[in-house]
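1. I would like the atomic coordinates for the input below:
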Amino acid sequence: MRLNQRWLGYVVQGALIASMAVPAAHAAQRAGAGASVTGSGAPSPAGLFSADVSSDPSTSSGEPVVAVNPTDPGNVIVTYTQTSLGQDLGTGYVPNERNLEGETQCGYAVSHDGGATWERRQVPITDVVQLGCADPFPVFGPRGEAYIVAGVFGAAVATGEIRIISSTDGGSTWGSPVVVAHTLPGPGSTPDYVAVFSDRPWIAVDQSTGAVHASVVYHAGEVGQNSNVGNTRYVTSSSDGGATWGPLLPVGSAGDPGGDAPISAAAGTLAVAYVASSSPASSGGPVVLALDRGGAFTRIHTPFSGSDPQVAADPSRPGSYAVLVLDPATNLEVYTTHDCGRSWSGPAPVNRTKGSNFKAWIGYSPAGVLGVVWRTTTANGGYDIFAADRTPGAGGFTDPVRIRTSEPPAFFYAAGDDFSDVTLTGQWLYVGWGNWAGGRMDAWWGGYRI
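-> Presented below is the predicted three-dimensional model:
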């Protein structure tokens with residue numbers, strides 16, 4: 001969710017613990033179940049499934065992110081943001097004070113049986129001062145420790161913080177929140193300008209080292225505007241499981257300000273890809289790959305351009321990275337490097353689907369399988385959720401797999417739903433997306449066996 005775009009308040013939910021049977025990815029799905037592959041007539045992949053995770057008729061829920069415990073594949077956490085159906089879902093501005101004082105909240109669902117049942121709760125990251133929550137993002141570490149990062153705020157956006165919580169029991173209970181960054185750092189600090197507000201925290205864990213990385217973008221434009229003056233992403237890291245954090249480091253430079261791209265980490269290196277210009281990342285331009293090996297970014301200007309860049313670090317092959325961009329026709333293209341950006345291969349086309357493509361995401365499995373998820377508009381104003389994958393050494397991506405079709409959105413923008421998500425394990429490709437049905441949006445997950 002980006003506060004300087006179309007943003008909504010979230011409804012407060014109590015610590016509701018609910019269970020509802022859904023198609024279990026690891027047990028209940030039959031090979032070939034679900035929709036067929038678009039454009040090819042080929043059978044669906046084994047285990048294809050989709051299910052509603054948030055399942056809350058009083059809200060719209062979006063931006064679901066899936067995290068799977070590497071020590072227990074049946075332990076799954078899905079975070080999502082929520083908006084009350086009573087809010088003005090068409091507003092294009094930062095909500096008023098009433099919305100900020102607790103009507104924006106982060107939800108999560110946790111499963112210990114591969115998604116057969118879920119417990120749904122409010123992310124326990126707020127307090128009596130910071131009442132609101134937005135943009136939760138979960139990840140597991142190599143020993144099964146879970147983390148959720150989110151933005152919290154009180155009666156004004158500028159009073160907020162980026163916080164992180166951790167769990168040692170798979171998300172059943174959580175420790176006290178730790179502050180990663182403040183919303184309004186002020187002149188003379190890092191960053192060294194007065195930002196209006198911080199936004200969109202990302203988190204990544206290097207599975208080889210256990211290092212935790214978090215990032216935040218500081219907007220210097222007016223609240224409610226889409227100014228790019230001074231918009232810069234910063235990254236901070238922790239080597240003690242999120243208990244303490246290092247200084248905030250700018251991803252970009254003065255000539256190439258870092259944009260709003262997610263982060264990825266593997267083999268001791270943190271990676272970020274962004275458009276190297278002062279224009280919004282969504283408008284396209286030359287792409288920069290920024291690599292941090294312990295306190296300073298090396299910025300590599302790639303030979304390709306595009307919009308909405310995404311990066312994924314290959315945990316099976318140090319120095320290997322994949323960057324996903326959209327071309328001017330919104331086709332998805334993937335470029336890869338195996339030598340830290342000195343040479344590149346691609347573009348490898350991904351989508352081969354009709355319609356406008358948007359809200360794409362990219363990720364690697366532990367064994368180096370590359371997965372992509374995206375949405376494609378349909379003729380009636382809805383969208384299909386597609387995914388594809390590529391195994392190491394393969395010439396191209398599999399045919400797109402339609403995970404599910406969403407009804408047309410009832411509102412232009414709801415529940416902070418800026419992106420989709422893909423997460424790969426050794427056997428499964430999982431996706432998360434905001435799915436409309438019956439006039440509201442819920443957080444869904446789905447996937448197939450790779």
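2. now do the strands in the stretch 51-200 of the chain.
-> For the stretch 51-200 of the chain, the strands defined by DSSP state E, counting those that start in this stretch occupy 59-69, 72-84, 105-111, 119-122, 132-140, 146-153, 161-167, 178-182, 197-205.
3. could you list the low-pLDDT ranges of the chain?
-> By pLDDT under 70, the low-scoring segments of the chain are 1-43, 84-104, 155-159, 183-198, 219-231, 254-260, 278-282.
4. for it, which strand is longest?
-> Longest strand in the chain, counting residues (DSSP state E): strand 297-313.
5. surely Arg404 and Trp444 touch.
-> Yes. Between Arg404 and Trp444 there is a contact under Cβ atoms under 8 Å: 6.8 Å. C-beta: built from backbone N, CA, C; applies to glycine.
6. find the residues that touch each one of these two.
-> By Cβ atoms under 8 Å, 6 or more residues apart in numbering, Arg404 and Trp444 have these common neighbours: Ser50, Asn435.
7. which one's more surrounded, the two?
-> Counted by other Cβ atoms under 10 Å, Arg404 and Trp444 do not tie: Trp444 has more neighbours, with 27 against 20.
8. quick check: beta-bridge partners of the more buried one?
-> Asp52, Trp433 (DSSP bridges).
9. try His182
-> Glu161.
10. what's the answer for Gly285, then?
-> Gly306.
11. count residues in the vicinity of it, would you?
-> With other Cβ under 10 Å as criterion, Gly285 counts 19.
12. A strand includes Val217, no?
-> Yes. Under DSSP: H, G, I helix; E, B strand; the rest coil, Val217 sits within a strand.
13. count of residues packed around the residue nearest to it when sequence neighbours are not counted?
-> Nearest residue to Val217 in three dimensions, chain neighbours excluded: Arg233, at 4.6 Å (Cβ to Cβ, 6 or more residues apart in numbering). Residues contacting Arg233 under the criterion other Cβ under 10 Å number 26.
14. test my guess that Gly47 contacts Gly446.
-> No. Using Cβ under 8 Å, Gly47 makes no contact with Gly446, being 10.2 Å away.
15. and the residue lying closest to Val212 once chain neighbours are set aside, how far is that from Pro177?
-> In space, and not counting its chain neighbours, Val212 is closest to Ser238: 4.5 Å by Cβ to Cβ, 6+ apart. Taking Cβ to Cβ, to the nearest Å as the measure, Ser238 falls 14 Å from Pro177.
16. kindly report the same for Ala261.
-> Distance from Ala261 to Pro177, by Cβ to Cβ: 25 Å.
17. and these two? Which one has more around it.
-> Of the pair Ala261 and Pro177, Ala261 is the one with more neighbours under other Cβ under 10 Å, namely 26 against 21.
18. how about the strands in the stretch 251-400 of the chain?
-> 263-266, 269-275, 285-292, 297-313, 321-326, 332-337, 345-349, 357-364, 370-377, 383-390.
19. check which helices and strands the third one sits against.
-> With contacts defined as 3 or more Cβ pairs under 8 Å, 6 or more residues apart in numbering; DSSP states H and E, the secondary structure elements packing on strand 285-292 are strand 269-275, strand 297-313, strand 321-326.
20. please export the C-alpha coordinates of that strand as PDB.
-> What follows is strand 285-292, C-alpha atoms only, in PDB (Å, rounded to 0.1, in the frame of the first residue of the first chain):
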ATOM      1  CA  GLY A 285      13.600   3.500 -18.000                       C
ATOM      2  CA  PRO A 286      17.000   2.000 -17.600                       C
ATOM      3  CA  VAL A 287      17.300  -0.500 -14.800                       C
ATOM      4  CA  VAL A 288      19.900  -0.600 -12.100                       C
ATOM      5  CA  LEU A 289      20.900  -3.600 -10.000                       C
ATOM      6  CA  ALA A 290      22.200  -2.600  -6.600                       C
ATOM      7  CA  LEU A 291      24.100  -5.200  -4.600                       C
ATOM      8  CA  ASP A 292      25.100  -4.800  -0.900                       C
END
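21. pull out the buried residues from that strand.
-> For strand 285-292, the neighbour count (16 or more other Cβ atoms under 10 Å) marks Gly285, Val287, Val288, Leu289, Ala290, Leu291, Asp292 as buried.
22. from those residues, pick the one nearest Leu324.
-> Val287 (10.1 Å; Cβ to Cβ).
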